[in-house]
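compute the structure for the input listed below.
(one chain, ligands or ions: 1)
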Amino acid sequence: MAQSLDPATRQALQARVRFYRDLGLTEFYRRPVDPALLATLVAEAEESQAESATQSFQLPETETESRPESQEEQPISPRRPFPNAPVVADAVPAAERAAAMQLIRDEIGECTRCALHKGRNKLVFGDGSPTARLMFVGEGPGADEDAQGLPFVGKAGQLLNNMIAAMGLKREEVYIANVVKCRPPNNRVPEPEEGATCSPFLFRQIDVVRPEVLVALGATAATWLLGTRQPLAGLRGRIHRVRGTKLIVTYHPAYLLRDPRQKKEAWADLQIAMKELGLKPPAKG
Ligand code: SF4
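Numbers count the residues shown, from 1 in each chain. You can find the predicted model right below:
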């Protein structure tokens, strides 16, 4: 009887039946076999084979949790032609940059130029020194930023602060802004219309700061700064030229929080920026 078999024997019999069935032998036995037992073993063998086939197409849990960079950092979809970048403005004297930045802020006002204004709590203009040598550009505000009206103040912001400190700088010594100044619903990637409407303000901020090095955080920032849609992997590790300044492309801190294995790569990108700025990491003490 089927119930009288111990687990090891049952398993061995299942394997044997599977083996015979693979050979095309379905009625091979030495002595009369209980038909109920044979039917049970055949059914269990089929079930076990189906299960192992399913498992062979599943990724381990750790691999499904940390998505590849290409899925996390998708550039905007090509729904309409990329707008031409505005003409680079004349340099603003360092002493007048704070006032020039305020003029841009005043012009934006309580902006309703694109649909993103409908869901925002606070417009996130930018933060930092208008005379910074280094400027970071992200994609858009998240929930914390939307609540506080400042860029990169949530968990990703904390990581960005750590990255800035690792470069030997203070947050107040750099300038930080985003492609869009209002939070996209559910943190989605800004639509082309939204990026095209808002990014001219970012370009004007860049023109005022005139940083020696710009760092694009993620594919969306890189896309809008470079005016081309390319995978992030093809843009990292080299110096681009944008609006008269050097541009380094690296991962968005939010992506690094999801996949910390890429921090090493991001640090390599930041070291390119540091070399251009003549910076050395602070001594550990
Ligand atoms: S995202 Fe930019 S263009 Fe759109 S409403 Fe906000 S400030 Fe205006």
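
tell me the residues of the stretch 51-200 of the chain that contact the ligand?
Taking Cβ under 6 Å from any ligand atom as the measure of proximity, the stretch 51-200 of the chain contacts the ligand at 108, 111-114, 116-117, 123, 180-182, 194, 197-198. Yep, even glycine has a C-beta here, placed from its N, CA and C like the rest.

what about 8 Å?
108, 111-117, 120, 123, 140, 180-182, 190, 194, 197-198 (Cβ under 8 Å from any ligand atom).

can you say which of these are buried?
Neighbour-count burial (16 or more other Cβ atoms under 10 Å) applied to these gives 111, 114, 116, 120, 123, 140, 180-182, 190, 194, 197-198.

in helices, which of these appear?
In helices, judged by DSSP state H, the following of those are found: E194, T197, C198.

and the gap between the closest residue to the first one other than its chain neighbours and A132?
When the adjacent residues along the chain are set aside, E194 lies closest to C114, with 4.6 Å between them (Cβ to Cβ, 6 or more residues apart in numbering). C114 is 27 Å from A132, where distance means Cβ to Cβ, to the nearest Å.

likewise for R236?
Counting by Cβ to Cβ, the gap from R236 to A132 is 22 Å.

cool, P192 as well?
For P192 relative to A132 (Cβ to Cβ), the value is 29 Å.

likewise L270?
Distance from L270 to A132, by Cβ to Cβ: 15 Å.

show me what the host helix or strand of K263 is packed against.
If you go by DSSP states H and E, K263 is part of helix 263-277. Helix 263-277 is packed against helix 155-166, strand 213-217, strand 245-250, with contacts defined by 3 or more Cβ pairs under 8 Å, 6 or more residues apart in numbering; DSSP states H and E.

from the contact counts, what lies against the shortest one?
Right, the one you point to is strand 213-217. Using 3+ Cβ pairs under 8 Å, 6+ apart: strand 213-217 touches strand 134-138, helix 219-226, strand 245-250, helix 263-277.

in the longest one, what's buried?
By that I understand helix 263-277. So for helix 263-277, counting by 16+ other Cβ under 10 Å, buried means K263, E265, A266, W267, D269, L270, I272, A273, M274, E276, L277.
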